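**Student:** test case, fold it:
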Amino acid sequence: MPRVTVQVRDAGGNTATAGVDYSLVPQQPVLGGYYLSGGADPTADMTGGNFRSLTQYRSFADGFTFPGYNRPWLVNLGKAGVQMNMVLELKHYGAPNQGPQSFTVDGVSYTVPAPSMTIQQRPGTTFPRAYGYGQVLKGQCDGLFARALSQYRTLGFGVNIQLASELDTDHEFGTTEDGKAYTWAESDARAVQAVNYIITWFKARSLPANTTFSVGLGGFDRACFQRTHPESLMARLDFLQWNAYGTDASHTALARFRRTKDWAVADLGPVALSRPVIIAEWGVRVAEIPDQAAWIATVPAAIAQLNAERGPRIVRTNYFNSGWGTLTPKATGLAALREAYAKRPYV
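**Tutor:** Purely as a prediction, here's the structure:
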């Protein structure tokens, strides 16, 4: 076994020697992953490829959080070893209306008020509603968490719970709650408090083995990324997370995956930098990158290079076959993904 020996000598000529044996632990392959538009069954798309990770999105408002309404395939994939990144959002969707909800979970009755916050306040758009950070801190959303946890316990495997999809997208134009407006920075600070509350709530209860937590960011704004990853919160999280899209013909895979990592290395503390990274979404569109397959082919080398550099290691990359990542034609894009995931560092 290799051994490192260190000898030191003080000004008086006295010496001390210490040695330690060590062994090199090979790094595990990066998990290549996927997400299919609309939360549809991805099983057929993943068949025949080295797909070992999956992103899913749910709102706490949805009465069918785990595994989701009519989604037995998620249980099948999870039990087959596919690692699940379950994004759970305060953003309100998946429920019949935006009014209060009353329900019973494991014999306990809950009434949750209507969501009181608006997010994603891009000018000229209808602002989505979400359960407010103040509502979370007052315990008004505990019933939503209890319902999700009760369902989660029946899955038969642990998942990573990513709280929020993209806080930077949610807060970019400010938020309001109960009629009061909050700036982007103020919204970030309130979100950190709410995420802390939610993690405390879940960790105070029995969780399935291998449950982990992260907080969701698009990763497009440096100041926001720093504000939402204080060391006090990172001590309670298991992963860093950001998304990576090529949205311009000049964008390379290396540059897009690198951007947020460089900010993390420069701005975050040692606890944050000790956490591995989940890329919950990545992709390109033919509108900006006509040859999707060629761009996808450059991703393995980009991830390998970034993981050889200083900073947190990327351990999962889940292609988002929707929106900014829609594969066109789908068959060609899937073939490119299968080929990419068959190369180092994915094997």
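
**Student:** tell me where the stretch 1-150 of the chain has strands.
**Tutor:** Taking DSSP state E, counting those that start in this stretch, the strands of the stretch 1-150 of the chain run over residues 3-9, 15-21, 31-36, 51-59, 83-89, 101-105, 108-112, 117-118, 129-130.

**Student:** out of those, the one nearest Ala272 is which?
**Tutor:** For Ala272, the closest of the strands of the stretch 1-150 of the chain is strand 83-89, at 18.3 Å, according to CB to CB. Just so you know, the C-beta spots here come from the backbone N, C-alpha and C atoms, and that holds for glycine as well.

**Student:** still on that earlier bit, mean neighbour count added to the strands of the stretch 1-150 of the chain, as TSV?
**Tutor:** What follows is the strands of the stretch 1-150 of the chain, written out as TSV (neighbours: other CB atoms under 10 Å):
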stretch	mean neighbour count
strand 3-9	9
strand 15-21	9
strand 31-36	24
strand 51-59	23
strand 83-89	23
strand 101-105	14
strand 108-112	14
strand 117-118	23
strand 129-130	22
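
**Student:** can I get the ones you listed in CSV with distance to Asn160 and mean pLDDT?
**Tutor:** Below are the strands of the stretch 1-150 of the chain laid out as CSV (distance: least, CB to CB, whole Å; pLDDT from 0 to 100):
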stretch, distance to Asn160, mean pLDDT
strand 3-9, 35, 77
strand 15-21, 34, 76
strand 31-36, 11, 96
strand 51-59, 10, 98
strand 83-89, 5, 98
strand 101-105, 23, 98
strand 108-112, 25, 98
strand 117-118, 25, 98
strand 129-130, 21, 98
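
**Student:** and those strands as a markdown table, adding distance to Ala244?
**Tutor:** Formatted as a markdown table, the strands of the stretch 1-150 of the chain follow (distance: least, CB to CB, whole Å):
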| stretch | distance to Ala244 |
| --- | --- |
| strand 3-9 | 37 |
| strand 15-21 | 38 |
| strand 31-36 | 13 |
| strand 51-59 | 13 |
| strand 83-89 | 14 |
| strand 101-105 | 35 |
| strand 108-112 | 35 |
| strand 117-118 | 28 |
| strand 129-130 | 25 |
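
**Student:** quick one: closest of the ones you listed to Asp45.
**Tutor:** strand 31-36 (6.1 Å).

**Student:** tally of neighbours for the nearest residue to Ile198 once chain neighbours are set aside?
**Tutor:** Nearest residue to Ile198, sequence neighbours excluded (CB to CB, 6 or more residues apart in numbering): Leu163, at 5.9 Å. Look at Leu163: counted by other CB atoms under 10 Å, it has 24 neighbours.
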